[in-house]
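Student: Requesting a structural model of the entry that follows:
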Amino acid sequence: MLTDVDRVTTYLELTGADELCPSEARLGPEQVIERIDDFEVNRRLYEEIGAPYGWVDRLSWSAERWAEWAAGLETWIAREGGEIAGYAELLSGANGVLIAIFGLREEFRGRGLGAILLTAVLRRGLELADRVWVETNSTDGSHALANYEARGMKVFRTVGG
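Tutor: Residues are numbered from 1 along each chain as shown. Purely as a prediction, here's the structure:
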């Protein structure tokens with residue numbers, strides 16, 4: 001298990017549509033990307049998807065805090081066969097649009113859906129601002145950093161290690 005001393009945090013950004021490298025994967029007939037507005041979904045997916053990666057910052061939040069958080073951002077989900085496969089939270093701010101959360105449920109990984117969802121949220125982020133950025137670390141999913149880089153995001157800072 002990595003300790004905080006061993007953890008490497010990588011910050012990546014995309015600063016224009018011309019930098020975006022869209023996924024070559026395409027949505028299948030039973031797949032859809034859509035925006036939702038339901039803080040309970042944010043809470044449930046944060047708990048489920050984040051558990052293996054030690055996402056703990058929000059676990060003590062009340063329903064009111066979750067509702068307040070979700071009201072201040074855009075939540076995008078990927079569905080497959082009617083089931084939610086994964087989600088992303090886009091938070092607009094002075095430094096551009098932060099991908100505050102990005103993740104897939106375990107049983108939906110390895111099908112290209114993460115690349116499709118990331119392409120969609122990067123496009124949406126660039127509609128909202130000139131810069132989209134994300135923070136990932138060495139305890140996140142094994143394909144997280146590679147997916148961000150494959151979509152054209154560039155590292156602008158690395159901390160730790």
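
Student: top helix in the protein by residue count?
Tutor: Selection of the longest helix in the chain by residue count, based on DSSP state H, yields helix 113-128.

Student: Please point out which parts of that one sit buried.
Tutor: 113-122, 124-126 (16 or more other Cβ atoms under 10 Å). Using the backbone N, CA and C atoms, a C-beta is placed for each residue, glycine as well.

Student: Q31: which of those residues is nearest?
Tutor: Ranked by distance to Q31 (Cβ to Cβ), the buried residues of helix 113-128 are led by L113 at 6.5 Å.

Student: so that closest one touches I77, yeah?
Tutor: No. In terms of Cβ atoms under 8 Å, L113 does not count as a neighbour of I77; the distance is 10.8 Å.

Student: what touches both of those two?
Tutor: Each of 85-86 lies in contact with both L113 and I77 under the rule Cβ atoms under 8 Å, 6 or more residues apart in numbering.

Student: Tell me which residues touch the most centrally placed residue in the chain, please.
Tutor: Among the residues of the chain, the one closest to the centroid is F102, at 1.7 Å (Cα atoms, centre = their mean). By Cβ under 8 Å, 6+ apart, the residues touching F102 are 86-89, 117-118, 121, 134, 144.

Student: ditto for L117
Tutor: So, once contact is read as Cβ under 8 Å, 6+ apart, L117 ends up touching 33, 76, 78, 86-88, 102, 104.

Student: between the buried residues of helix 113-128, which is closest to G54?
Tutor: Of all the buried residues of helix 113-128, G54 sits closest to G114, with 19.2 Å by Cβ to Cβ.

Student: Across the sheet, point out what pairs with the residue lying closest to that closest one once chain neighbours are set aside.
Tutor: Once flanking residues are discounted, G114 sits nearest to L104: 5.1 Å by Cβ to Cβ, 6 or more residues apart in numbering. For L104, the beta-bridge partners under DSSP bridges are G86.

Student: Let me know how buried L104 is, in neighbour terms.
Tutor: Neighbouring residues of L104 were enumerated by other Cβ atoms under 10 Å; the total is 25.

Student: Cheers, nothing more for now.
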